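Pasting a predicted model and its sequence here:
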Amino acid sequence: YFDASPQLVPISTFIEQPKSVLAFEHVSESSPYINRFDSLQGVALYTTKEELLLTKGNPLAVTNDSLLETVEYHYADVTVGVGEGVVLYVHVAPPQAQQFGLYVDGVEIDPLTDNLQDTLGKPYFIAEDGDVYLRGNNALKIYRNLAGEFEGIDLFDSISS
(Lines give C-alpha, C1' and ligand atoms only; values in the text may rest on other atoms or scores of the structure.)
Protein backbone atom coordinates (compact mmCIF):
# COMPACT_ATOMS: atom_id res chain seq x y z
CA TYR A 1 0.00 0.00 0.00
CA PHE A 2 1.06 3.52 -0.68
CA ASP A 3 1.15 5.79 2.33
CA ALA A 4 1.15 9.49 1.52
CA SER A 5 3.74 11.45 3.40
CA PRO A 6 2.59 14.51 5.29
CA GLN A 7 2.32 17.71 3.26
CA LEU A 8 5.35 19.92 3.56
CA VAL A 9 4.68 23.48 4.55
CA PRO A 10 7.04 26.12 3.15
CA ILE A 11 9.30 27.65 5.77
CA SER A 12 8.25 31.11 4.68
CA THR A 13 4.89 30.65 6.34
CA PHE A 14 6.62 30.25 9.70
CA ILE A 15 8.94 33.20 9.30
CA GLU A 16 7.39 36.62 9.37
CA GLN A 17 8.05 38.34 6.09
CA PRO A 18 9.16 41.97 6.19
CA LYS A 19 6.49 44.41 5.14
CA SER A 20 7.13 46.18 1.86
CA VAL A 21 6.74 49.88 1.74
CA LEU A 22 6.78 51.72 -1.52
CA ALA A 23 8.24 55.17 -1.37
CA PHE A 24 8.51 57.71 -4.11
CA GLU A 25 10.72 60.71 -4.05
CA HIS A 26 9.47 63.64 -6.02
CA VAL A 27 12.23 65.93 -7.10
CA SER A 28 11.14 69.27 -8.41
CA GLU A 29 13.91 70.13 -10.79
CA SER A 30 13.25 72.70 -13.41
CA SER A 31 14.69 71.78 -16.75
CA PRO A 32 17.13 74.27 -18.22
CA TYR A 33 15.56 73.58 -21.63
CA ILE A 34 12.38 74.82 -23.22
CA ASN A 35 9.98 72.05 -22.17
CA ARG A 36 7.32 72.47 -24.86
CA PHE A 37 7.10 73.58 -28.45
CA ASP A 38 3.57 74.93 -28.70
CA SER A 39 4.16 78.31 -30.31
CA LEU A 40 6.59 80.21 -32.48
CA GLN A 41 6.40 84.02 -32.60
CA GLY A 42 3.27 83.77 -30.47
CA VAL A 43 1.42 81.60 -33.00
CA ALA A 44 0.37 78.24 -31.57
CA LEU A 45 -0.07 75.08 -33.58
CA TYR A 46 -3.71 74.04 -34.08
CA THR A 47 -4.96 77.59 -33.59
CA THR A 48 -7.99 78.12 -35.79
CA LYS A 49 -7.76 80.44 -38.76
CA GLU A 50 -10.23 82.76 -37.05
CA GLU A 51 -8.12 82.89 -33.85
CA LEU A 52 -5.01 83.55 -35.94
CA LEU A 53 -6.67 86.50 -37.66
CA LEU A 54 -7.94 87.86 -34.34
CA THR A 55 -4.48 87.56 -32.78
CA LYS A 56 -2.22 88.64 -35.65
CA GLY A 57 -4.62 90.74 -37.69
CA ASN A 58 -4.77 90.85 -41.46
CA PRO A 59 -1.71 89.34 -43.14
CA LEU A 60 0.50 91.26 -45.54
CA ALA A 61 -0.13 88.55 -48.14
CA VAL A 62 -1.93 85.23 -48.54
CA THR A 63 -0.61 82.50 -50.84
CA ASN A 64 -1.50 78.90 -51.62
CA ASP A 65 1.03 76.11 -51.12
CA SER A 66 -0.28 73.38 -53.41
CA LEU A 67 2.45 70.94 -52.35
CA LEU A 68 1.45 71.09 -48.66
CA GLU A 69 -2.20 71.85 -49.47
CA THR A 70 -2.15 74.83 -47.14
CA VAL A 71 -2.85 78.53 -47.30
CA GLU A 72 0.09 80.62 -46.07
CA TYR A 73 -0.55 83.81 -44.14
CA HIS A 74 2.48 86.10 -44.42
CA TYR A 75 3.06 88.55 -41.59
CA ALA A 76 6.05 90.82 -41.00
CA ASP A 77 7.48 88.49 -38.32
CA VAL A 78 6.22 85.05 -39.38
CA THR A 79 4.62 82.89 -42.07
CA VAL A 80 1.79 80.63 -40.93
CA GLY A 81 0.55 77.56 -42.81
CA VAL A 82 -3.15 76.85 -42.35
CA GLY A 83 -4.82 73.66 -43.54
CA GLU A 84 -8.36 72.49 -42.89
CA GLY A 85 -8.95 75.61 -40.83
CA VAL A 86 -6.10 75.24 -38.32
CA VAL A 87 -2.44 76.23 -38.04
CA LEU A 88 -0.29 73.30 -39.21
CA TYR A 89 3.11 74.97 -39.27
CA VAL A 90 4.84 78.22 -38.43
CA HIS A 91 7.96 79.48 -40.24
CA VAL A 92 10.36 82.32 -39.47
CA ALA A 93 12.99 83.41 -42.00
CA PRO A 94 16.33 84.95 -40.96
CA PRO A 95 15.35 88.56 -41.79
CA GLN A 96 12.18 88.18 -39.69
CA ALA A 97 14.14 86.73 -36.77
CA GLN A 98 16.75 89.46 -37.06
CA GLN A 99 14.20 92.27 -37.08
CA PHE A 100 11.63 90.94 -34.60
CA GLY A 101 13.54 88.39 -32.52
CA LEU A 102 12.71 84.71 -32.33
CA TYR A 103 10.39 83.38 -29.63
CA VAL A 104 9.66 79.72 -28.91
CA ASP A 105 6.88 79.44 -26.32
CA GLY A 106 7.66 82.99 -25.22
CA VAL A 107 11.38 82.30 -24.70
CA GLU A 108 13.71 84.29 -26.92
CA ILE A 109 16.36 82.30 -28.74
CA ASP A 110 19.03 83.45 -31.14
CA PRO A 111 20.29 80.78 -33.53
CA LEU A 112 23.06 83.13 -34.70
CA THR A 113 24.77 83.68 -31.34
CA ASP A 114 23.24 81.26 -28.80
CA ASN A 115 24.46 77.80 -28.07
CA LEU A 116 21.04 76.29 -28.79
CA GLN A 117 21.84 73.11 -26.89
CA ASP A 118 21.82 75.24 -23.71
CA THR A 119 18.23 76.29 -24.50
CA LEU A 120 16.82 73.39 -26.52
CA GLY A 121 18.93 70.43 -25.43
CA LYS A 122 20.48 67.91 -27.75
CA PRO A 123 18.84 67.65 -31.18
CA TYR A 124 16.67 64.58 -31.72
CA PHE A 125 17.96 64.36 -35.27
CA ILE A 126 20.68 66.16 -37.19
CA ALA A 127 19.89 66.45 -40.88
CA GLU A 128 21.94 67.82 -43.75
CA ASP A 129 19.81 70.95 -43.76
CA GLY A 130 19.44 71.49 -40.01
CA ASP A 131 18.66 70.21 -36.54
CA VAL A 132 15.34 68.75 -35.36
CA TYR A 133 14.16 69.01 -31.75
CA LEU A 134 11.08 67.19 -30.43
CA ARG A 135 8.71 67.87 -27.55
CA GLY A 136 5.80 65.45 -27.52
CA ASN A 137 4.32 65.46 -31.03
CA ASN A 138 5.65 68.89 -31.90
CA ALA A 139 8.92 69.45 -33.70
CA LEU A 140 11.14 72.45 -34.11
CA LYS A 141 13.54 72.43 -37.03
CA ILE A 142 16.35 74.94 -37.30
CA TYR A 143 17.53 75.07 -40.90
CA ARG A 144 21.18 75.68 -41.69
CA ASN A 145 23.03 75.87 -44.98
CA LEU A 146 26.21 73.89 -45.71
CA ALA A 147 28.30 76.61 -44.07
CA GLY A 148 26.23 76.18 -40.89
CA GLU A 149 24.50 79.55 -41.19
CA PHE A 150 20.91 79.98 -39.95
CA GLU A 151 18.40 79.70 -42.81
CA GLY A 152 15.08 79.59 -40.96
CA ILE A 153 13.05 77.80 -38.34
CA ASP A 154 9.83 75.79 -38.49
CA LEU A 155 7.41 74.61 -35.83
CA PHE A 156 5.19 71.72 -36.92
CA ASP A 157 3.45 68.54 -35.80
CA SER A 158 6.01 65.75 -36.21
CA ILE A 159 3.34 63.09 -36.71
CA SER A 160 1.51 64.75 -39.58
CA SER A 161 4.69 65.72 -41.44
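Here it is on my side, so go on.

Every contact and neighbour count from this point should use C-alpha atoms.
OK.

Angles on the backbone of the most centrally placed residue in the chain, please.
Centroid-nearest residue in the chain, with CA atoms, centre = their mean: R135, separated by 3.0 Å. Backbone torsions for R135, taken as degrees, to the nearest 10, come to phi -140, psi 110.

close enough to count as contact, it and F37?
Yes - assessed by CA atoms under 8 Å, R135 is found in contact with F37 at 6.0 Å.

Strands along this protein, start to end?
39-40, 43-44, 61-65, 70-74, 79-83, 86-92, 103-104, 107-108, 125-127, 130-135, 138-144, 150-157 (DSSP state E).

Identify the residues contacting the last one?
Taking CA atoms under 8 Å, 6 or more residues apart in numbering as the criterion, the residues outside strand 150-157 that touch it are 37, 39-40, 45, 88-94, 111-112, 137-145.

Identify each buried residue in the helix or strand of the chain with the lowest mean pLDDT, please.
The helix or strand of the chain with the poorest confidence is helix 116-120; it has a mean of 77 (mean pLDDT, DSSP states H and E). Across helix 116-120, burial judged by 16 or more other CA atoms under 10 Å covers 116, 119-120.
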